[in-house]
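1. Let's see this in three dimensions:
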Amino acid sequence: MTRYVFTLPHDRAKVLAAIQSAPKGARVEIKGARRSNDQNSLMWSLLTQVSVARLHHGQKYTPDQWKCIFMSAMGQEMQFAPALDGKGFLAIGHKSSDLSKEEMTDLIEFIFAWAAENTIELREAA
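-> Alright, predicted model coming up:
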């Protein structure tokens, strides 16, 4: 079966037609609007600031690693696989690009709250 992605409200008729013609067992997922580019920029700015300001359990982490740490702490489903060289693990699966605007807002607020609890002053623009 082909995979379809529709954006409402413009594709509403196409969505209904796709659902009506879908085979038995097909899955339908309705998600909120995708996160904005401004939200994405802010998230990476905050993650970079946290990365510069803080060690985690005595270890320095990259902004991308901090993103995985925060997303996991918020309950986002994460999967990990061993690195090819056998040195550590890689986060795979859930990506921030798949977050809705609401989920991204929650993640950004979580980062701000965690930083405040850990005496890290974050700026909205780095």
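2. And the residue most central in space within the chain, how far from D64?
-> Centroid check for the chain by C-alpha atoms, centre = their mean gives S96 as the closest residue, at 2.1 Å. Spatial separation of S96 from D64 under the definition C-beta to C-beta, to the nearest Å is 10 Å. C-beta coordinates here come from the backbone N, C-alpha and C atoms, glycine included.
3. again, but for I19
-> Using C-beta to C-beta, which is the criterion applied here, I19 is 36 Å from D64.
4. Equivalent analysis for E124, please.
-> Look at E124 and D64: by C-beta to C-beta, they are 20 Å apart.
5. Quick check on the two: which one has the bigger neighbour count.
-> When neighbours are counted by other C-beta atoms under 10 Å, E124 and D64 differ, and D64 comes out ahead with 13 against 9.
6. For that one, which non-adjacent residue is closest in space?
-> The shortest distance from D64 to any residue that is not its chain neighbour, by C-beta to C-beta, 6 or more residues apart in numbering, is 7.6 Å, and that residue is L47.
7. buried stuff in the strand or helix carrying that neighbour?
-> Assessed by DSSP states H and E, L47 sits inside helix 37-53. Of the residues in helix 37-53, those buried by neighbour count under the rule 16 or more other C-beta atoms under 10 Å are Q39, N40, L42, M43, S45, L46, L47, Q49, V50, S51.
8. mean confidence score for that helix?
-> The predicted model assigns helix 37-53 a mean pLDDT of 95.
9. so how far is that helix off the chain centroid?
-> In this view, helix 37-53 has its centroid 12 Å away from the chain centroid, taken as C-alpha atoms, centre = their mean, to the nearest Å.
10. any residues touching it, and which ones?
-> If you take C-beta atoms under 8 Å, 6 or more residues apart in numbering as the criterion, helix 37-53 is touched by 60-67, 70, 96-97, 101, 104-105, 107-108, 111-112, 115, 120, 122-126.
11. In helices, which of those fall?
-> Secondary structure from DSSP state H places 63-67, 70, 101, 104-105, 107-108, 111-112, 115 of these in helices.
12. Right, I'll call it a day here.
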